[in-house]
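*Asks:* Task: produce atomic coordinates for the following.
(chains A, B, C, D, E and F)
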6 protein chains.
Amino acid sequence: MGQPGRTVCFGEVLLRLAAPDRELLFQSARLEARFAGAEANMAVALAKLGRAAALVTVVPDDAVGDAVVASVRMHGVDVSGVSRGEGRLGLYYLTPGAGLRAPSIIYDRADSLFARARPEDFDWPALLVGASWLHLSGVIPALGPDAVKLGLAAIEAARAAGVRISFDGNFRPSLWAEWCDDPGAILSEYVEQADLLFGSHRDVALLLGRPFDGDEPDGRREAALAAFGRFPRLTHIASTTRQALSAGHHRLSARVDEREAWHETAALDITDIVDRIGTGDAFAAGVLAGLDDGPEAAASLGLAVAALKHATPGDFSQATQRDIAAFRSGGLDVRR
Amino acid sequence: MGQPGRTVCFGEVLLRLAAPDRELLFQSARLEARFAGAEANMAVALAKLGRAAALVTVVPDDAVGDAVVASVRMHGVDVSGVSRGEGRLGLYYLTPGAGLRAPSIIYDRADSLFARARPEDFDWPALLVGASWLHLSGVIPALGPDAVKLGLAAIEAARAAGVRISFDGNFRPSLWAEWCDDPGAILSEYVEQADLLFGSHRDVALLLGRPFDGDEPDGRREAALAAFGRFPRLTHIASTTRQALSAGHHRLSARVDEREAWHETAALDITDIVDRIGTGDAFAAGVLAGLDDGPEAAASLGLAVAALKHATPGDFSQATQRDIAAFRSGGLDVRR
Amino acid sequence: MGQPGRTVCFGEVLLRLAAPDRELLFQSARLEARFAGAEANMAVALAKLGRAAALVTVVPDDAVGDAVVASVRMHGVDVSGVSRGEGRLGLYYLTPGAGLRAPSIIYDRADSLFARARPEDFDWPALLVGASWLHLSGVIPALGPDAVKLGLAAIEAARAAGVRISFDGNFRPSLWAEWCDDPGAILSEYVEQADLLFGSHRDVALLLGRPFDGDEPDGRREAALAAFGRFPRLTHIASTTRQALSAGHHRLSARVDEREAWHETAALDITDIVDRIGTGDAFAAGVLAGLDDGPEAAASLGLAVAALKHATPGDFSQATQRDIAAFRSGGLDVRR
Amino acid sequence: MGQPGRTVCFGEVLLRLAAPDRELLFQSARLEARFAGAEANMAVALAKLGRAAALVTVVPDDAVGDAVVASVRMHGVDVSGVSRGEGRLGLYYLTPGAGLRAPSIIYDRADSLFARARPEDFDWPALLVGASWLHLSGVIPALGPDAVKLGLAAIEAARAAGVRISFDGNFRPSLWAEWCDDPGAILSEYVEQADLLFGSHRDVALLLGRPFDGDEPDGRREAALAAFGRFPRLTHIASTTRQALSAGHHRLSARVDEREAWHETAALDITDIVDRIGTGDAFAAGVLAGLDDGPEAAASLGLAVAALKHATPGDFSQATQRDIAAFRSGGLDVRR
Amino acid sequence: MGQPGRTVCFGEVLLRLAAPDRELLFQSARLEARFAGAEANMAVALAKLGRAAALVTVVPDDAVGDAVVASVRMHGVDVSGVSRGEGRLGLYYLTPGAGLRAPSIIYDRADSLFARARPEDFDWPALLVGASWLHLSGVIPALGPDAVKLGLAAIEAARAAGVRISFDGNFRPSLWAEWCDDPGAILSEYVEQADLLFGSHRDVALLLGRPFDGDEPDGRREAALAAFGRFPRLTHIASTTRQALSAGHHRLSARVDEREAWHETAALDITDIVDRIGTGDAFAAGVLAGLDDGPEAAASLGLAVAALKHATPGDFSQATQRDIAAFRSGGLDVRR
Amino acid sequence: MGQPGRTVCFGEVLLRLAAPDRELLFQSARLEARFAGAEANMAVALAKLGRAAALVTVVPDDAVGDAVVASVRMHGVDVSGVSRGEGRLGLYYLTPGAGLRAPSIIYDRADSLFARARPEDFDWPALLVGASWLHLSGVIPALGPDAVKLGLAAIEAARAAGVRISFDGNFRPSLWAEWCDDPGAILSEYVEQADLLFGSHRDVALLLGRPFDGDEPDGRREAALAAFGRFPRLTHIASTTRQALSAGHHRLSARVDEREAWHETAALDITDIVDRIGTGDAFAAGVLAGLDDGPEAAASLGLAVAALKHATPGDFSQATQRDIAAFRSGGLDVRR
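*Replies:* Take a look at the predicted model:
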């Protein structure tokens, strides 16, 4: 069947300014500055797994934008689709959690270059050459009415080019709350075009406007089947179930639903958490990379990439196939 | 009833020199240098919670003393009562604990400016204007016979001015051991004047000279009642029960006893502990801030402030009402 | 004549994100995060010198805004005039210079809370109680037409209250270039109301629309006299002459012009420069603090505060009267 | 019986380059650089416990070798037996584990000065003066055929001088795999000369060529007895049983077998692990220091030193008798 | 004439372990770890200037090698020619200079993967597709007789493919001293094939076996003409003259000789030096990028890139065309 | 004549708490913590130069004292004469200078263990076995009347044992000012017993009670001759002349006077100063190590050690004979 084509990831890159060590925000004059964003995270995670990945976005034409490009390119992501413009890079302030203190994010992303981009700024036919997948997330439409169109234009171009569409719900209520009463309706426009949806029973509930009981696997299957019913193009739905026992100890399981089959992994206890931001995107990358091997393989790879991301500083997954193999070989002895 | 008056906190400020990261003391040439002290901790914690708080102390008239003032003032504490003199600031070396290694403190506080201060160095009638509470701790009399008088002078002035007295036992055997055979007798002089006592059944045992079984809530109530019997002015006793499972995992509950009622919270599992020093003072601040709302509210707020302090580097609590609300809203999901 | 009243500083506070050590921007994942802004710098510098100073601004009502308030309050600045709102804090990225590489700043300050503030957001009569001076800078009108009005409203209120006005030209061509062809005209509206102007012969040239030769003291006097002619209310003009031999070695002299007299200091060689950002504001604070002692005293104090600021990380001057006395006592021996 | 003689530790010192904080290797431009090596670890651990210890090795005659010497000498180890030569110091890259990610080591130790040393480079009769014990580990023969002879020469000299021999199996499959099909045969030559063996039932299995079931204490006793049978000179075997629940949480018990008696401690839960590398050497030092007090004392001291090492950055144990006493006094309260 | 083809840089990448801040080597447990190597430096510097550049080398097939690839790829260098193998990466320890203490390097590069590579490991016809230049340096033959052949094979392939050859003498006496009495003879084999030589009058003296007086420009011209005489293929020779006044203050000028013309720049005073390692490679990149614009442009660009490199941590130049323009615009004022 | 005996250095060790990087004191929560003290500096500097050196002092019997011992022992100093007691270690706060800001020290050394020691606490006959020199400084008598006796007891013991005495004036006016009107009289008691005096014409003026003009070498010779006249036992006087052009740029020359001959070096420009504290002790160590080779050799070695100390963080010289040879070989090129 040959090497799969590349995955084109379309979305906004943000600067993530985090309190270092285990300080509170601005407790000292030091911040950790890394780049982030759901779709960039996906691109990096795929590239580290050895899959061809490209990022399409727009960043400032200055030293800040240069740094964005370098931070993604270093991991092997194709950055030829990153355009440059005059304007600002959105950012967020992160206070990581500790113990019983939850992680906290303050967004400062309004009026970014990406949020102000227009569909015609991207030459989609050219950008999608050689692509198997277009990946984007629900953060795009959450940015406002113009961004809704921006995302749909990419989707339409992919559809026209025969490129499969991967959509991660990534529901951010605080972004939607600023301008939209019915995010479910808009998100449904996106999901209608998707082949692969990353979303839990809660996302499905938002899309379908009715609740599901996600406490048990059966309820989660019910939600998946309802989504398959509503969105005929959809072939896969992937999701995690996460229980946060403390900021440093989560319990995580992964599942992938197809129309005829599904698989849900056992729950992993993830302790000594180093950085939980971006673990959902790491999961998504693992699923996408494993999708052609069936739901069990996809769920398992997604869970492995996500688990390792919890032990990695920054938004970006760094897990290589070498790391996945080590993780799967089991055991926590020193590897020499 | 209007806005409560301010809380005047009287006590010594120390420089805390801590091994950074998780090193042992002097394992590298780096130390974390922060200011500390039971009463300063109280003042900062109250100010962060939005309560008017003032610190009364004496610090060197040099760049070290300037730094003490700035470190407290930044959090909104009134520092107009901080006097300056010629002499040294006491200090302590802290090796934080890890796993099965307990935290360890080496004091170097003898002959500090505060320890050598005299009652007449403080113009108490002026310092107490507008005050609802005077707060001080058992560290003061532990410093020696002169310091015993220093604390009592403050207490008498408060009594004369109709200002309520909050006293935190803060029993430090190593300090008392240097000069005094019967700390209980001296501490009782303080508690006799107190309206609010921070002290466990062990402190009560020291004061009353007889043991109490504090393993169960009932035994703790018995100790409280005995204390109310011995100290007729006392209206509230607040305490925590702490079980240290490892240096990074404690189990903590809080209780507040009144003469007619009491409340004890369920125990919280506090994991991933960042810094446990000062958590007792954080608890005390929460209790004082919540005292007028009854024992349950006071115990609950005390526990919340203490829990968040465990996740905060340095002696000072940084929890605002915004943080308390987030903590109480439950959940450890990322707050965006 | 009694203690001078306080200086009310009105202006925007920015987050300054600087490459640490001597790295380039984003060369590592670390940034130094400090707060800055011409008027906040002035307020802090005055407070450190022992002068009453207040800051009037607006910052976000979140942990970022809390940090702004704490960073200024710690130095003794009155922050009761800092209001809070929903919105963003402007920021800039700083790559400090080294050797033959000039320092470089990238602004990201559009649409900040301050830039969107309106005159009626500030209760000037109350804010100016007890004030001797209102200080503001040319950065305010540079932010756009609305900000022009914001600054003028403050000036009018000060004029009405009999408060003297100190204005620092702080000409930023890149800000003006976005919206205004004739900044000189707008700045002149400000200077017409000012008692004290911080500005060089180049600023005067901008205001008067004709060039001055500032290479020699006489030419600088000519420019000052021309400004006094054009702006009848003006009583003092203060300026520095700076020659940058390398990023770490500048030569700096200071002058103060009155209508009848002037003084220009000898040039100081300032080497081993730690941080040159904010040195102009440090100079302004020294001049303002020394103004009542005549031009020589004012220029000398301005130069001393500026010189010490070059040896201080961050935008804020930290020089106390103790430091000024040490600086003036001469000698670079170790002070013990 | 007098003060026991010193322990001469013979082996290679390596530079350990570790990713700092909880980063991945080379995620930033910072590495933690410390010196390490099984036998140097033993020497330092013994010296910190107050026992006379000497290190015999060879290091480069440059600033790198100077640093090795200083790093060991600072803890009180006799370094008069450290010789200097032209060549390289071996090293390894360490990525510490976190959560479900195991620690990982990449060796770069080929062709080091030590690996190329010859028996005649060491004047053993002089080096062993005053010694009670010679300690070395299975890392030496793992380095290759020449190193096999190097270790045996030391052993023979010790035997000749009446010095007891302590041998730590320290089995490193990746080193052996490069050149040897039957490490058990070579290791047996070493163990035949040993009085004290550090090795688990798995090491015994390797030596004897048959498996043992080490899941229960009885099976571990069986392995020990088999080893005593095979190696008539052996008087003590010491081992730990370790269960890694996560990278930060291990469960550890210790045992010491004599021919007639044995003791196995209860398992300790070791959480918040700071650095697990070198904990086996720390255990060995505790056992050796406690050996004359019987198996229970030896196992208990070994476990205590090992437990504290888990809470200590770097390969070297830093536990003093003061620390051991504090550990044994129980409790995780702040020690003041 | 169209866009110039890419420059293929062939050489060894080393790990550079440097004492941080201004510490001595191993004075603390921290090292700065960056990748380096004359030819990798060239590739990165060219890519940052916007020129297509590729690196051909071999690095370990593990996390260390991954980091090498990422460190070069992030700057836009084509890494498709980097092969992976089993073995070690060479390294060096750097103690940067300060004041009157010279920088000091200790090499640990023997037996690296690159030093053990063979000509047939590189598919030169494929690697040189689209290339205008092959760049390599005298460090390659210095590694030993096998490496001499390795470099010559690359040169022959380039010659066959019509690719111009750029050769940087980079004379390292300590490497040659280990195995070769007459480095000049071997280096001449390389220079005979070169179109562009980076080398001073001292390098020419080594090649030709007779001294030149390089104190004045005329003497330097004489050396260049002698080299042109001896090496008929050579069209350009580029060199710098450097005077080290202290570790932090150098004086540097640049020259480029053609057969008929030459240009030498005025000397620049480079102060506050951040990192002088790699500045020669930065110069070479600037010359190569400017070569088609004549000797003056080439020398000037080379000097500009070199000057900025002195203000940049690490071996790699980071100067973009934006930075060069800023440098040339003159002035050390803050750029906003 | 054989290997010279060891130098026994007697004096107080202090903790030096310095603002890191180029921050002001307490500008961040980080301090650099190193150990210091004139005589410990001497011992370390001598040991690094390869001379046998011992430290006699008293430090606390806790982790702080352990760290003192380790910090000195690592450099090869004999610490068998360091006794342990109950009490505090003196300390000082250092704000390093920068540019036109002088370095500043705040002492907190009163009531230290050393200051409270008594002559009988030291068994001088045993401590001086094998010694050629006893070295101590004027800091000892400056600590108070008891310390005056402490130093004299050591001197008498040395005199009795035929050990030569080296005395460094190290005049600290702020220490003397607390208790003594005539330090010159007390210091003269010390110098009367000394063979070698480290002191400038200013120290001689203090001792003799009359001024000398030290601007020229001749005046410095006059002061030396006057000292030789007053103190018949004295055979050598060593001193430096230092001119501080900025905090980072000093000009330093060294001289050694004998009764019949003297030598004064040319002045060195010492730029990019990393740490000037302890450079006087480094000079003294160089002189003592070179004393037997005549005044020129002694002055030259003293200047070399001092110059390198300016480029070394911390109080301790780290210069080895290898470093001295490199320094003397001249040139600031990279040493490979």
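*Asks:* Kindly report the residues of the stretch 1-150 of chain A close to chain C.
*Replies:* A:17, A:20, A:24-26, A:29-34, A:62-64, A:66-67, A:70-71, A:88-89, A:93, A:95, A:104, A:106, A:108, A:110-111 (Cβ under 8 Å from any Cβ of the partner chain). Just so you know, the C-beta spots here come from the backbone N, C-alpha and C atoms, and that holds for glycine as well.
*Asks:* Filter the residues you listed down to the buried ones and hand me the PyMOL line.
*Replies:* Here is the PyMOL command that selects the buried residues among the residues of the stretch 1-150 of chain A next to chain C (16 or more other Cβ atoms under 10 Å in any protein chain shown):
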select buried, chain A and resi 17+20+24+25+26+29+30+31+32+33+34+62+63+64+66+67+70+71+88+89+93+95+104+106+108+110
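*Asks:* For residue A:92, give me phi and psi.
*Replies:* Residue A:92 adopts backbone torsions of phi -140, psi 150, taken as degrees, to the nearest 10.
*Asks:* related to what we said a few turns ago, among the residues of the stretch 1-150 of chain A next to chain C, which are in helices?
*Replies:* Secondary structure assignment by DSSP state H places A:63, A:64, A:66, A:67, A:70, A:71 of the residues of the stretch 1-150 of chain A next to chain C in helices.
*Asks:* all strands in chain A, in order from the N-terminus.
*Replies:* All strands of chain A, identified by DSSP state E, fall at A:6-10, A:14-18, A:30-36, A:53-60, A:82-85, A:91-95, A:104-108, A:131-137, A:164-168, A:196-198, A:236-246, A:249-258, A:262-264, A:268-270.
*Asks:* Where does the prediction get shaky in chain A?
*Replies:* A:1-3 (pLDDT under 70).
*Asks:* by contact count, what packs against the helix ranked longest in it?
*Replies:* Secondary structure of chain A per DSSP H: the longest helix is helix A:145-161. In terms of contacts (3 or more Cβ pairs under 8 Å, 6 or more residues apart in numbering or on different chains; DSSP states H and E), helix A:145-161 is packed against strand A:6-10, helix A:124-127, strand A:131-137, helix A:139-142, strand A:164-168, helix A:183-191.
*Asks:* Swap in 7 Å and give it another go.
*Replies:* Secondary-structure packing of helix A:145-161 (3 or more Cβ pairs under 7 Å, 6 or more residues apart in numbering or on different chains; DSSP states H and E): helix A:124-127, strand A:131-137, helix A:139-142, helix A:183-191.
*Asks:* contacts for the first one?
*Replies:* Going back to what we said before, that points to helix A:124-127. Residues outside helix A:124-127 that contact it (Cβ atoms under 7 Å, 6 or more residues apart in numbering or on different chains): A:8, A:56, A:81, A:153, A:154, A:157, A:161.
*Asks:* one more time with 8 Å
*Replies:* Applying Cβ atoms under 8 Å, 6 or more residues apart in numbering or on different chains, the contact partners of helix A:124-127 are A:8, A:54, A:56, A:81, A:153, A:154, A:157, A:158, A:160, A:161.
*Asks:* Residue A:321: what's it in contact with?
*Replies:* Per Cβ under 8 Å, 6+ apart, neighbours of residue A:321: A:49, A:50.
*Asks:* coming back round to it: is it possible to get the helices and strands packed on helix A:145-161 out as CSV so that each row also shows mean neighbour count?
*Replies:* Shown next, in CSV, are the helices and strands packed on helix A:145-161 (neighbours: other Cβ atoms under 10 Å in any protein chain shown):
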stretch, mean neighbour count
helix A:124-127, 16
strand A:131-137, 26
helix A:139-142, 24
helix A:183-191, 19
